[in-house]
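Engineer: Got a predicted structure here, sequence first:
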Amino acid sequence: MTRTKEAWIKFLATRVVGVFVDAFIVGAAYLSSFALRFDFAEPVSIGGWSAVARSYVVVSAVYLAALLIFGCYRFAWRRINFGELPRYALAAVSACVVLTLMRYFMPNVTLSHIRPPYSVTLICFVFSLSGIVAVRYLWRFYMAFGRKDEELLSRDEKTFDNSIAARFLAGRTVMVTGAGGTIGSEIVRQVAAAGAVKILMVERCENALYEIDRDMRSLSKNASLVPLMVDINDAARMNDIFAAEKPSVVLHAAAYKHVPMVELNPEEGWRNNTEATRSIAKLSVQHGVERFVLISTDKAVNPVSVMGKTKLAAEKVIMELDGPTSFCAVRFGNVFGSSGSVVPLFRSQIAKREPVTVTHPDMRRYFMTIQEAVSLVLQAASRSEKAIYTLDMGESVNILSLAEGMIVQAGYRPYVDIPIVFTGIRPGEKLFEELDISEKSAYRTDMAKIYITKGAS
């Protein structure tokens with residue numbers, strides 16, 4: 001069975017359930033209307049409760065037909081918004097008008113089973129519309145709070161005890177490079193929460209630096225925040241910063257991360273990812289930094305892309321340095337929702353109802369949440385080994401399944417409302433990234449799910 005056929009079957013099944021729920025709501029509204037109209041007594045004048053039951057079949061059919069005609073079953077309930085309320089209101093008004101006309105043009109009492117009283121029709125209109133809209137909004141809110149993006153990872157999010165890292169960072173001056181990026185900005189927040197006395201936020205993008213500086217000044221009351229708009233490749237300027245601020249911890253998150261872009265600009269990738277790391281690492285030794293953490297990537301494992309090769313070279317650079325500084329690297333998978341992952345792209349395409357572009361149906365990637373990534377950085381910062389740390393991220397995620405899940409989560413039907421197209425593997429990309437944490441390749445640390453790559457030091 002094709003994915004498109006499966007999508008249609010699922011769509012029809014969910015809509016059938018929706019029809020039954022609406023029929024129940026209309027039935028409850030209709031029964032409540034008669035109860036209010038006849039003071040909770042049996043409506044003998046129109047044939048009793050048996051006549052009410054017969055007339056319900058007609059009333060529910062009219063309401064369901066109106067909902068169908070006005071397109072109320074086109075999209076999932078979790079997608080309902082205020083802009084769609086007129087659609088439901090028009091359907092309910094139309095049903096009310098039809099039932100009123102039936103009462104007017106069929107005065108014969110023997111037709112009571114298809115001509116409900118005017119007052120009952122009006123009360124039922126109010127109850128039915130309120131119930132149908134309320135159930136959809138309640139479901140939307142439940143789905144919004146009950147499901148998170150991280151559930152698409154198909155595994156439980158790893159949690160860490162960051163108390164040791166907090167004790168290590170408390171009272172220190174910490175430099176965060178790439179402080180305006182997705183990872184860098186979260187590192188800044190967590191370092192501030194850990195009690196760092198001063199945070200040097202190094203970022204060359206003015207707007208990104210402005211955003212994190214503004215956010216932190218509203219959140220952090222204790223740490224001294226120093227926004228530094230500087231290119232990490234400017235060795236002279238970075239030397240001045242090290243000399244003036246004397247950081248004791250450097251968390252190096254600045255890098256080019258988009259594989260296709262670095263593939264097209266290899267010289268710049270090498271300059272920014274490898275040579276800049278070498279420069280900052282040497283400055284760290286020169287100025288007596290205690291701990292240096294390099295943010296690396298799982299693409300550095302048997303790399304085929306320029307980006308992966310530049311990060312592997314950066315790892316080797318810091319592992320070869322000696323001095324007062326203790327060096328380490330942390331290898332990330334794709335960070336869910338970061339600017340370097342496919343998630344923002346998919347989310348943008350879904351919001352615009354554009355085709356979602358997947359490179360290959362068998363493409364798989366390892367993912368971690370921002371919280372997991374930053375916790376791994378803080379754990380690594382608090383340790384003393386010269387090592388490359390890797391998080392056990394469970395099974396890799398099929399990108400096609402991720403795209404389908406995000407479309408469903410947005411309330412659309414994959415292949416029906418939003419198509420998925422395959423664009424082909426780009427230069428430098430693998431079908432599968434590698435994460436070798438087997439006993440032959442890695443040591444398990446005393447911290448759950450964190451491993452040290454053998455032969456790294």
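Structural biologist: Everything's here; your move. All figures in this text were calculated on a predicted structure; none of them were measured in a lab.

Engineer: backbone phi and psi for V259, please?
Structural biologist: phi -60, psi -50 (degrees, to the nearest 10).

Engineer: hang on, isn't it packed against K299?
Structural biologist: Yes - taking CB atoms under 8 Å as the definition, V259 is a contact partner of K299 at 7.1 Å. For the C-beta atoms, the positions are set from N, CA and C on the backbone; glycine is no exception.

Engineer: hey, what's in contact with both of the two?
Structural biologist: The contact sets of V259 and K299 overlap at S305, M307, G308 (CB atoms under 8 Å, 6 or more residues apart in numbering).

Engineer: what ranges do the helices span in the stretch 101-250 of the chain?
Structural biologist: Taking DSSP state H, counting those that start in this stretch to define them, one finds helices in the stretch 101-250 of the chain at 118-146, 163-169, 182-194, 206-219, 235-245.

Engineer: Might you calculate how far the last one sits from the centre of the chain?
Structural biologist: What that stands for is helix 235-245. 37 Å (CA atoms, centre = their mean, to the nearest Å).

Engineer: can you check the shortest one too?
Structural biologist: For helix 163-169, the gap between its own C-alpha mean and the chain's C-alpha mean amounts to 28 Å (CA atoms, centre = their mean).

Engineer: Which one of V259 and K299 is surrounded by more residues?
Structural biologist: A count of neighbours by other CB atoms under 10 Å puts K299 above the other of V259 and K299, at 28 against 22.

Engineer: Can you verify the more buried one is assigned to a strand?
Structural biologist: No - in this structure, K299 is helix, not part of a strand, as judged by DSSP: H, G, I helix; E, B strand; the rest coil.

Engineer: contacting residues around it?
Structural biologist: With CB under 8 Å, 6+ apart, K299 has these contacts: V259, S305, M307, G308, K311, E433.

Engineer: Quick check: of those, which lies closest to G333?
Structural biologist: Here the nearest of the contacts of K299 to G333, counting by CB to CB, is E433; it sits at 7.1 Å.

Engineer: All the strands of the stretch 251-400 of the chain, in order from the start?
Structural biologist: 291-297, 326-332, 334-335, 356-358, 364-365, 367-368, 387-391, 397-398 (DSSP state E, counting those that start in this stretch).

Engineer: Take those strands and lay them out in JSON lines including distance to A253 and mean neighbour count.
Structural biologist: Listed next are these as JSON lines, based on distance: least, CB to CB, whole Å; neighbours: other CB atoms under 10 Å:
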{"stretch": "strand 291-297", "distance to A253": "4", "mean neighbour count": "26"}
{"stretch": "strand 326-332", "distance to A253": "10", "mean neighbour count": "25"}
{"stretch": "strand 334-335", "distance to A253": "11", "mean neighbour count": "25"}
{"stretch": "strand 356-358", "distance to A253": "27", "mean neighbour count": "20"}
{"stretch": "strand 364-365", "distance to A253": "20", "mean neighbour count": "19"}
{"stretch": "strand 367-368", "distance to A253": "14", "mean neighbour count": "26"}
{"stretch": "strand 387-391", "distance to A253": "15", "mean neighbour count": "25"}
{"stretch": "strand 397-398", "distance to A253": "23", "mean neighbour count": "20"}
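
Engineer: just to revisit the earlier point, give me the buried entries from the contacts of K299.
Structural biologist: Listed as buried from the contacts of K299 are V259, S305, M307, G308, K311, E433; burial here means 16 or more other CB atoms under 10 Å.

Engineer: Out of these, which one has the lowest pLDDT?
Structural biologist: Minimum pLDDT for those is recorded at E433 (77).

Engineer: Identify the residue nearest that residue in space, chain neighbours excluded?
Structural biologist: Spatial nearest neighbour of E433, chain neighbours left out: D298 (5.0 Å); criterion: CB to CB, 6 or more residues apart in numbering.

Engineer: pretty sure the one you found is touching G333, no?
Structural biologist: Yes - D298 lies in contact with G333 (CB under 8 Å); the separation is 5.1 Å.

Engineer: what residues go with each domain of this protein?
Structural biologist: Domain assignment for the chain, taken from automatic domain parsing, gives 3-146, 152-453.

Engineer: Kindly check the end-to-end length of the last one for me.
Structural biologist: Across domain 152-453, the terminal residues are separated by 28 Å (CA to CA, to the nearest Å).

Engineer: now it, how far from the chain's geometric center?
Structural biologist: That offset, for domain 152-453, works out to 17 Å (CA atoms, centre = their mean).

Engineer: and W49, what helix or strand is that in?
Structural biologist: Using DSSP states H and E, W49 maps to helix 48-69.

Engineer: ok, and for that helix, which residues are buried?
Structural biologist: Per 16+ other CB under 10 Å, helix 48-69 contains these buried residues: A51, V52, S55, Y56, V58, V59, S60, V62, Y63, L64, A66, L67.

Engineer: same question, stretch 415-434
Structural biologist: For stretch 415-434, by 16+ other CB under 10 Å, it's Y415, D417, I418, I420, G428, E429, K430, E433.

Engineer: Now it - C-alpha only, CSV.
Structural biologist: C-alpha atoms of stretch 415-434 as CSV (Å, rounded to 0.1, in the frame of the first residue of the first chain):
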residue,chain,number,x,y,z
TYR,A,415,0.3,13.5,0.4
VAL,A,416,-3.2,14.8,0.5
ASP,A,417,-3.2,18.4,1.7
ILE,A,418,0.6,18.8,1.5
PRO,A,419,2.7,16.8,-1.0
ILE,A,420,6.2,15.5,-0.2
VAL,A,421,8.7,15.6,-3.0
PHE,A,422,12.2,14.1,-3.2
THR,A,423,15.0,16.4,-4.3
GLY,A,424,17.9,13.9,-4.3
ILE,A,425,21.0,13.7,-2.1
ARG,A,426,23.2,16.8,-2.3
PRO,A,427,27.0,16.8,-2.5
GLY,A,428,28.6,16.0,0.8
GLU,A,429,25.5,14.3,2.3
LYS,A,430,25.2,10.7,3.5
LEU,A,431,22.1,8.6,3.7
PHE,A,432,23.0,7.7,7.2
GLU,A,433,25.2,9.5,9.8
GLU,A,434,27.3,7.4,12.0
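
Engineer: Look at W49 and report its pLDDT.
Structural biologist: 77.

Engineer: just to revisit the earlier point, between the buried residues of helix 48-69, which sits nearest I183?
Structural biologist: Using CB to CB, those come closest to I183 at L67, 46.2 Å.

Engineer: Name the nearest residue to the closest one, sequence neighbours excluded.
Structural biologist: For L67, ignoring the flanking residues on the chain, the nearest one in space by CB to CB, 6+ apart is A91 at 4.8 Å.

Engineer: Please tell me how far that neighbour sits from A66.
Structural biologist: Noted for A91: a distance of 4 Å to A66, by CB to CB, to the nearest Å.

Engineer: next one: S396
Structural biologist: Relative to A66, and taking CB to CB, S396 is found at 47 Å.
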